[in-house]
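>>> below is the sequence, then the predicted model.
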Amino acid sequence: MWRLVDTGLAERIADLDGFVAYLVFSGGAGELVSVSVFRDEATATVSDELALQFVRGELADFDIKRTDMIGGGSIMVSPCHRDTA
């Protein structure tokens, strides 16, 4: 599944205008977590639809137990530094 996501979905999303980054992480126990970053909300919405189509079409042969989508919003992150002194 990892290879299908990396070569199928990631390439489609990377072609979208406004694409910044796409990351896939192993959550262990057969789970994959993906994070996509875009410059604007409209492109993020388009990517959500592409991802849904990909899961329904390309991953139909896999026994997928759960899909969750959290999208459409900004995530604010404050920089933090670890004091090593």
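Yep, that arrived. Residues are numbered from 1 along each chain as shown.
>>> what segments of the chain are strands?
Taking DSSP state E, the strands of the chain run over residues 19-28, 31-38.
>>> mean neighbour count, the ones you listed: which tops it?
strand 31-38 (a mean of 14; mean count of other Cβ atoms under 10 Å). In this view, the C-beta of every residue, glycine as well, is placed from N, C-alpha and C.
>>> which secondary structure elements does it contact?
In terms of contacts (3 or more Cβ pairs under 8 Å, 6 or more residues apart in numbering; DSSP states H and E), strand 31-38 is packed against strand 19-28, helix 41-58.
>>> next, the angle strand 31-38 makes with the longest one.
With axes from the mean of the first three to the mean of the last three Cα atoms, to 10 degrees defining the directions, helix 41-58 sits at 150 degrees from strand 31-38.
>>> compute the inter-axis angle for helix 41-58 and strand 19-28.
Helix 41-58 runs at 50 degrees relative to strand 19-28, counting by the same axes, to 10 degrees.
>>> and helix 41-58, how far from the chain's centre?
Helix 41-58 sits 9 Å away from the centroid of its parent chain (Cα atoms, centre = their mean, to the nearest Å).
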